[in-house]
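Chemist: this one's sequence-less:
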């Protein structure tokens, strides 16, 4: 129930005008609300919640496929080393069977890496053998059996023994370096010669490099054993060194003879005379008369120590 503010007449609830005087009743204003300010933490939480709810998952369509990173391919060096490892494993298991197939599953990079490694190994082994002779010859334990006569023969043409009285390990290393390079190149060239004359080019030049490198493995292994035995018993050392030479020659013969006709086998024996001669020259130079014959190379290398 309400009363008119102008005349005081009684009015019903909800009337906007007084029935007695016609005055308009004032509208009721809502109760004042307290001014409430949210704290910064509540405001941050509300904003985060609103923004998170407003986010929608991207629609890529039915044909969308998530891009995948392409796997990196191995380098050429890694592939070459893997190929080399497989061939070496096969050679260790069956040397004759591996060398006779000739067609090695190796790329050119693997071949060059293998040839470089074997060349370095042979150079270091020959240098070690000559340095061993040089070091032990002064104590009377070296293997310079014919070195005294060789030295007299050389100095008889010069008349100046002082010229050959000093030698350095640097010169022995150079002699070993050139000897290995010349011998390896000679055997490779002879292999290509037989390949051209008898095999009609069946062996590629790169494969011929593999043949030379693989036949050097038993030579290198037995040469290492002979050097170790050289500090104990020189004669036994020489036997192991010769065994390494013969093993390499047999493998070289098997590698070539397997790929030629029976009628051409006799010509192959003539070919083998040259690598046998090269191996035995190496034997005489580094094992029998190593240190004293090296004096002769002092003049060839023009004083390089």
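Modeler: All right, it came through fine. Predicted model, so just to flag it, every value in this text is computed and none were measured. Residues are numbered from 1 along each chain as shown.
Chemist: Look up which helix or strand the closest residue to residue 279 other than its chain neighbours falls in, please.
Modeler: Residue nearest to residue 279 in three dimensions, not counting chain neighbours: residue 245, with 4.4 Å by C-beta to C-beta, 6 or more residues apart in numbering. All C-beta spots, glycine's among them, are computed from the backbone N, C-alpha and C. Residue 245 belongs to helix 234-257 when assigned by DSSP states H and E.
Chemist: before we move on, the earlier item: what about the residue nearest to residue 279, how many neighbours?
Modeler: 21 (other C-beta atoms under 10 Å).
Chemist: distance of it from residue 4?
Modeler: In this structure, residue 245 and residue 4 are 138 Å apart, going by C-beta to C-beta, to the nearest Å.
Chemist: Help me confirm that the residue nearest to residue 279 comes into contact with residue 218.
Modeler: No: counting by C-beta atoms under 8 Å, residue 245 stays clear of residue 218, with 9.3 Å between them.
Chemist: which residues of the stretch 51-200 of the chain fall in helices?
Modeler: Along the stretch 51-200 of the chain, counting by DSSP state H, counting those that start in this stretch, helices occupy 76-93, 95-101, 108-137, 147-158, 169-197.
Chemist: right, and those helices - which one's nearest residue 227?
Modeler: helix 108-137 (5.5 Å; C-beta to C-beta).
Chemist: Which other helices and strands does the closest one contact?
Modeler: helix 76-93, helix 169-197, helix 205-230, helix 290-293 (3 or more C-beta pairs under 8 Å, 6 or more residues apart in numbering; DSSP states H and E).
Chemist: hey, which of those is tucked in deepest?
Modeler: Among those, ranked by average contacts under mean count of other C-beta atoms under 10 Å, first place goes to helix 290-293 (a mean of 24).
Chemist: Give me the average confidence score over it.
Modeler: Averaged over helix 290-293, pLDDT sits at 54.
Chemist: same deal with stretch 254-264?
Modeler: 71.
Chemist: what do you get for stretch 83-95?
Modeler: 86.
Chemist: cool, and stretch 8-21?
Modeler: Mean predicted confidence for stretch 8-21 is 70.
Chemist: And stretch 113-127, by the same measure?
Modeler: Across stretch 113-127, the average pLDDT comes to 91.
Chemist: cool, and stretch 99-106?
Modeler: On average, stretch 99-106 scores 79.
Chemist: What's the end-to-end length of it?
Modeler: End-to-end distance for stretch 99-106: 13 Å, by C-alpha to C-alpha, to the nearest Å.
Chemist: quick one: buried residues of that stretch?
Modeler: The neighbour-count criterion (16 or more other C-beta atoms under 10 Å) identifies 99, 102, 104, 106 as the buried residues of stretch 99-106.
Chemist: Using CSV, lay out the residues you listed together with distance to residue 237.
Modeler: Output for these, formatted as CSV (distance: C-beta to C-beta, whole Å):
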residue, distance to residue 237
99, 26
102, 33
104, 32
106, 33
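Chemist: nearest to residue 77, of those?
Modeler: residue 106 (13.3 Å).
Chemist: list the contacts for the residue lying closest to the closest one once chain neighbours are set aside?
Modeler: Computed as C-beta to C-beta, 6+ apart, the closest residue to residue 106 that is not its neighbour in sequence is residue 83, at 4.8 Å. Neighbour list for residue 83: 105-107, 110 [criterion: C-beta atoms under 8 Å, 6 or more residues apart in numbering].
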